[in-house]
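J.: Quick one, what's the 3D model for this:
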Amino acid sequence: MAADNVKEFTDANFESDVLGSDKPVLVDFWAEWCAPCRMLAPTIEEVASDFDGKAVVGKLDTDANRNVPVKYGISAIPTVILFKNGEVFKKFIGLTSKDDLASALNEAAG
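T.: Below is the predicted model:
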């Protein structure tokens, strides 16, 4: 599944680990059957390494966790949402470049 520095978010831990975080949190909404999601995974892992200590990066399996994706209107995956102070800061739908994700994280962290 994910690299060591990529957290696994669930319906159960989303509020505490994402909305309650004092750092920006990048959440990759994905599913096992989704080819573009698998293509995005190495990018998510790179961003997690680059921002280790400055931001939290993780994945939420939309098949195993239905409540959070419904709450945030996830209708296509991969969708990546950057949260800051418990609020949606930026949202990316589809394959997203490392540069775009890093730029958004730098903006949120700064």
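
J.: Now stretch 36-44: buried residues?
T.: Applying a neighbour-count criterion of 16 or more other C-beta atoms under 10 Å, one finds 37, 40-41, 43-44 buried in stretch 36-44. Backbone N, C-alpha and C define where each C-beta goes, glycine included.

J.: average pLDDT for it?
T.: The average pLDDT within stretch 36-44 is 97.

J.: Show me the contact partners of it.
T.: 2, 6, 26, 28, 30-31, 57, 59, 77-78, 80, 94-98, 101 (C-beta atoms under 8 Å, 6 or more residues apart in numbering).

J.: And the strands in this protein?
T.: For the chain, the strands defined by DSSP state E cover 6-9, 25-30, 56-61, 79-84, 87-93.

J.: quick one: contacts of the following helix or strand past the shortest one?
T.: Which is strand 6-9. Next helix or strand after strand 6-9 toward the C-terminus (DSSP states H and E): helix 14. Contacts to helix 14, defined as C-beta under 8 Å, 6+ apart, come from residues 60, 65, 68.

J.: Quick check, the first one in contact with residue 69.
T.: By that I understand residue 60. Yes - counting by C-beta atoms under 8 Å, residue 60 does reach residue 69; the two are 7.3 Å apart.

J.: Identify the contacts common to these two.
T.: Joint contacts of residue 60 and residue 69 (C-beta under 8 Å, 6+ apart) are residue 29.

J.: the more surrounded of the two?
T.: When neighbours are counted by other C-beta atoms under 10 Å, residue 60 comes out ahead of the other of residue 60 and residue 69, with 26 against 19.

J.: Can I get the longest helix seen in the chain as PDB, trimmed to CA atoms?
T.: Counting by DSSP state H, the longest helix found in the chain is helix 35-50. Provided in PDB are the C-alpha atoms of helix 35-50 (Å, rounded to 0.1, in the frame of the first residue of the first chain):
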ATOM      1  CA  ALA A  35      -5.600   3.000 -12.700                       C
ATOM      2  CA  PRO A  36      -5.000   6.800 -12.500                       C
ATOM      3  CA  CYS A  37      -5.000   6.500  -8.700                       C
ATOM      4  CA  ARG A  38      -2.200   3.900  -9.000                       C
ATOM      5  CA  MET A  39      -0.400   6.200 -11.400                       C
ATOM      6  CA  LEU A  40      -0.600   9.100  -8.900                       C
ATOM      7  CA  ALA A  41       0.600   7.000  -5.900                       C
ATOM      8  CA  PRO A  42       4.400   7.500  -6.500                       C
ATOM      9  CA  THR A  43       3.800  11.300  -6.700                       C
ATOM     10  CA  ILE A  44       1.900  11.200  -3.400                       C
ATOM     11  CA  GLU A  45       4.800   9.300  -1.800                       C
ATOM     12  CA  GLU A  46       7.400  11.800  -3.200                       C
ATOM     13  CA  VAL A  47       5.400  14.700  -1.800                       C
ATOM     14  CA  ALA A  48       5.000  12.900   1.600                       C
ATOM     15  CA  SER A  49       8.800  12.600   1.700                       C
ATOM     16  CA  ASP A  50       9.500  16.200   0.600                       C
END
